[in-house]
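S.K.: Take a look and give me a structure for this.
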Amino acid sequence: MHGRKKIDPALIDRAKREQLAARAREYAELQARVLELRKTGSGGKEAYRLTGKVLEQNPDFATAWNYRKELVLSDIANSTADAAFDIWQNELTLTEGCLRVNPKSYGAWHHRLWTIRTYAVASSTKEETLARELGLCTKLLRLDERNFHCWKYRMCIAELAGVSARETLDFTTEKINENFSNYSAWHHRSAHISLLDNPDTEVPAAAELELVQQAFYTEPEDQAAWMYHRWLLGRDLEAQSVVARARSEMQEIVLLRHAATAVPLELASANGEPLWTPVHPPSSHAFARPIRHTASASSAATGECASSALPGAAVPDSCASEAPLAVEYETEPFAPSASKETLDKEIAALEELREVEPTSKWVALELAHVLSLRAVAGSRSSIADALPFGSRAVHLLHLLQRLDPMHSEHYRDAASALALELAGRLAPTAASLRIEADPEAEMSLSLHGNRAVLTVRQPLSAAPSSAMLRLAHVEELDLRGHELRSLDGARHLLALESLLVDDNRLAGRAFSAAIRAIPSQRLSFVSACRNRIDALLEDVLSTTVRSVSLDENPLLRMEEEVKRAFPATCRK
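M.R.: Take a look at the predicted model:
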């Protein structure tokens with residue numbers, strides 16, 4: 001528990017140690033008796049007495065709580081209304097005593113909530129009982145305002161009692177004003193704002209931003225307000241299921257945010273339509289189905305591809321790779337809910353605070369986050385409205401590596417993720433970009449004929465899934481010469497034809513997982529020379545990729561088999 005110092009046993013005098021040893025023996029004997037009673041299925045007053053005694057000494061003895069529930073349910077079934085009332089009251093009294101021993105006992109809080117839900121809801125004294133419970137929560141939160149067990153219990157009781165979200169918000173305001181560092185109060189505030197009928201009008205964003213600014217201006221090193229501020233700027237985000245669609249003359253492909261065994265219900269095929277099939281069964285991020293052609297369109301095709309134009313027919317890989325693919329994005333992944341004007345105001349406020357607190361990592365971190373949101377919002381209109389904010393965010397993330405060296409790898413990865421996301425968003429409109437925070441940090445975005453080629457020179461340490469959601473249209477991805485250990489976002493590369501990841505730190509399992517995850521049926525060349533690939537998963541050898549270069553890797557197993565499957569050499 002918080003606030004209790006550990007005591008070195010060597011510092012405890014002999015008499016005290018003997019006393020503690022005696023108590024331990026007594027508890028062990030008591031615990032054994034309770035377990036034996038449950039094993040034999042015994043009940044009665046002795047079972048109640050012993051379980052109560054052992055739980056008062058150790059409120060976290062889960063088996064004893066379960067045994068207690070069994071006793072209660074068995075006796076209630078054969079009791080009068082008055083006798084049942086006494087049984088329930090005994091349970092409430094027991095849990096109250098246990099919570100005095102340990103106010104953060106999971107078992108005691110769970111048993112008390114079980115008692116209230118099982119008994120109070122059907123009781124004639126429901127309103128009185130629930131009002132009493134809310135009052136007890138208020139008293140306990142005065143003693144320990146950040147007891148998250150009590151906050152969760154209060155939320156459940158308030159729901160049973162029909163307390164409105166507005167009333168709960170008023171309660172959180174009161175607790176926050178008492179102490180800005182109340183994590184639980186901020187969390188419950190965010191949860192109940194979402195429950196309001198009209199959150200934007202009942203809780204204006206400007207008022208909430210003013211409240212949270214008061215908090216971090218008062219104590220900039222406290223995390224609670226910063227977490228709420230981050231949630232506030234992105235609270236309207238919805239994790240929609242479909243990220244992008246790709247369509248050619250032969251087939252249609254959908255890219256999902258999360259892996260599934262079947263497409264979402266809203267995409268389910270109607271009668272007579274070809275069925276969606278996973279690109280990588282049994283579970284996949286991408287699903288494909290052939291496109292139904294008219295008789296005239298089918299007659300224009302020849303050979304094997306013509307037969308695949310029939311309803312329900314599978315599309316051969318050769319046909320899928322030959323037909324031009326058009327990719328359209330369905331959603332704005334991780335786009336900010338706040339307007340550009342609101343974000344600009346928050347940036348100004350944070351820059352002002354940073355002048356006062358230049359060494360605060362929390363100020364710099366939140367400013368980098370808001371700048372990245374502003375860059376994403378600006379990318380919808382123009383490069384000029386996005387890149388300056390992205391550059392400043394990357395600069396701050398580099399600075400944070402010095403301010404907070406313990407988490408330097410996290411900040412490096414965050415800078416990499418932002419660089420990749422901006423590259424994906426701006427690729428359709430840019431020939432080249434430069435991140436000015438680092439004179440050598442450059443993202444080269446170019447079009448060669450009709451092929452979308454993305455070359456990233458911004459030093460990357462990670463390629464997370466969230467940053468690569470906007471790379472579904474990229475046909476050649478050049479990530480050579482970085483420090484990548486994985487390619488988690490490979491599953492979003494719908495149109496990929498060539499992947500260059502030479503001179504990174506990819507190990508065999510990470511490389512194999514990336515190749516297997518790529519949903520593109522056009523992938524013809526992968527170059528992964530000079531990595532750390534010492535082995536490949538078996539099924540990668542049977543991949544549909546036509547050519548893979550693995551020169552200068554420490555392949556220790558399956559070497560001859562790999563050479564036969566992937567004879568290509570690295571590009572110079």
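S.K.: which stretches of the stretch 301-450 of the chain have low pLDDT?
M.R.: For the stretch 301-450 of the chain, the stretches flagged by pLDDT under 70 are 301-324, 331-335, 427-450.
S.K.: For it, which segments count as strands?
M.R.: Secondary structure of the stretch 301-450 of the chain by DSSP state E, counting those that start in this stretch: the strands cover 326-329, 433-434, 442-448.
S.K.: State the number of residues packed around Glu341.
M.R.: The burial count assigned to Glu341 is 8, neighbours taken as other CB atoms under 10 Å. Using the backbone N, CA and C atoms, a C-beta is placed for each residue, glycine as well.
S.K.: before we move on, what about Ala24?
M.R.: Ala24 sits with 10 neighbouring residues when counted by other CB under 10 Å.
S.K.: does it count as helix, strand or coil?
M.R.: Counting by DSSP: H, G, I helix; E, B strand; the rest coil, the backbone at Ala24 sits in helix.
S.K.: Can you tell me how far it is from Val101?
M.R.: 16 Å (CB to CB, to the nearest Å).
S.K.: Helix or strand with the lowest mean pLDDT in the protein?
M.R.: Across the helices and strands of the chain, the lowest-confidence element by mean pLDDT, DSSP states H and E is helix 295-300, at a mean of 43.
S.K.: Local confidence estimate at the residue most central in space within the chain?
M.R.: Central residue of the chain (CA atoms, centre = their mean): Ser466, 10.3 Å from the mean position. Predicted confidence (pLDDT) for Ser466: 80.
S.K.: Make sure it is indeed in a helix.
M.R.: Yes: counting by three-state DSSP, one finds Ser466 located in a helix.
S.K.: I'd guessed it sits against Leu420; true?
M.R.: No: using CB atoms under 8 Å, Ser466 is not in contact with Leu420, being 9.2 Å away.
S.K.: Near Leu265, how many residues? Count them for me, please.
M.R.: Leu265 is flanked by 7 other residues according to other CB under 10 Å.
S.K.: Need the pLDDT of it.
M.R.: If you check Leu265, the pLDDT there is 73.
S.K.: wait, what's in contact with it?
M.R.: Taking CB atoms under 8 Å, 6 or more residues apart in numbering as the contact definition, Leu265 lies against nothing.
S.K.: mind checking how far it is from Val242?
M.R.: The spacing between Leu265 and Val242, counted by CB to CB, is 12 Å.
S.K.: Likewise for Leu493?
M.R.: Applying CB to CB, the value for Leu493 to Val242 is 16 Å.
S.K.: Comparing the two, which residue is more hemmed in?
M.R.: More crowded of Leu493 and Val242, by other CB under 10 Å: Leu493, with 26 against 17.
S.K.: Met468 is in contact with the more buried one, correct?
M.R.: Yes: with contact defined as CB under 8 Å, Leu493 reaches Met468; the gap is 7.3 Å.
S.K.: just to revisit the earlier point, which residues do Ser466 and Leu420 both contact?
M.R.: Any residue near both Ser466 and Leu420 by CB under 8 Å, 6+ apart counts here, and that gives Gly489.
S.K.: Show me the shaky parts of the stretch 51-200 of the chain.
M.R.: Applying pLDDT under 70 to the stretch 51-200 of the chain flags residues 121.
S.K.: From the contact counts, what lies against the helix or strand hosting Glu70?
M.R.: Using DSSP states H and E, Glu70 sits within helix 62-76. Applying 3 or more CB pairs under 8 Å, 6 or more residues apart in numbering; DSSP states H and E, we find helix 62-76 packed against helix 14-40, helix 45-57, helix 81-101, helix 106-119.
S.K.: Run through the residues that contact Val526.
M.R.: Ser498, Leu499, Leu500, Val501, Ile515, Val545, Ser547, Val548, Ser549.
S.K.: Kindly indicate which of those residues lies nearest Leu71.
M.R.: Ile515 (57.6 Å; CB to CB).
S.K.: Give me the contact list for the helix or strand hosting that closest one.
M.R.: Assigned by DSSP H and E, Ile515 falls within helix 508-517. Contacts of helix 508-517 with the rest of the structure, by CB under 8 Å, 6+ apart, involve 280, 285, 485-487, 490-491, 501, 506, 526, 528, 531-537, 539-540, 543, 545, 548.
S.K.: if you set the cut-off to 6 Å instead, what comes out?
M.R.: With contact meaning CB atoms under 6 Å, 6 or more residues apart in numbering, helix 508-517 is reached by Ser486, Leu487, Ala490, Arg491, Ala528, Ile533, Asp534, Ala535, Leu536, Leu537, Val540, Thr543.
S.K.: quick one: which of those is nearest Asp86?
M.R.: Nearest to Asp86 among those is Arg491, at 59.4 Å by CB to CB.
S.K.: The longest strand seen in the chain - which strands sit beside it in the sheet, and in what orientation?
M.R.: In the chain, taking DSSP state E as the definition, the longest strand is strand 251-260. With DSSP bridges as the test, strand 251-260 is paired with strand 242-247 (antiparallel), strand 284-290 (antiparallel).
S.K.: Please tell me how far Arg546 sits from Leu420.
M.R.: Counting by CB to CB, the gap from Arg546 to Leu420 is 26 Å.
S.K.: Repeat that for Ile518.
M.R.: Distance, Ile518 to Leu420, using CB to CB: 16 Å.
S.K.: ok, these two, which is more surrounded?
M.R.: In this view Ile518 and Leu420 are compared by other CB under 10 Å, and Leu420 has more residues nearby, 27 against 24.
S.K.: my guess is that one meets Ala467, correct?
M.R.: Yes: because the distance of 4.0 Å satisfies CB atoms under 6 Å, Leu420 is recorded as touching Ala467.
S.K.: can you pull the contacts of Leu343?
M.R.: Val370, Leu373, Arg374.
S.K.: Kindly apply the preceding question to Ser105 instead.
M.R.: Ser105 makes contacts with Pro59, Asp60, as judged by CB under 6 Å, 6+ apart.
S.K.: one more time with 8 Å
M.R.: Listed by CB under 8 Å, 6+ apart, the contact set of Ser105 reads Pro59, Asp60, Cys98, Leu99, His149.
S.K.: Buried deepest among the helices and strands packed on helix 62-76, which one?
M.R.: When the helices and strands packed on helix 62-76 are scored by mean count of other CB atoms under 10 Å, the highest mean neighbour count falls to helix 106-119 (a mean of 19).
S.K.: Please name every helix or strand in contact with that one.
M.R.: helix 62-76, helix 81-101, helix 126-143, helix 148-161.
S.K.: and the shortest one, how far from the chain's centre?
M.R.: Going by CA atoms, centre = their mean, to the nearest Å, the spacing between the C-alpha centre of helix 148-161 and its chain's C-alpha centre is 25 Å.
S.K.: how many neighbours does the nearest residue to Ala415 once chain neighbours are set aside have?
M.R.: Sequence neighbours aside, Leu397 is the residue nearest to Ala415 in space, at 4.2 Å (criterion: CB to CB, 6 or more residues apart in numbering). As a burial measure, Leu397 scores 27 neighbours (other CB under 10 Å).
S.K.: and if you look at Arg380?
M.R.: Arg380 has 12 neighbours, counted by other CB under 10 Å.
S.K.: do the one 5 residues further on as well
M.R.: Other residues near Asp385 number 15, with proximity taken as other CB under 10 Å.
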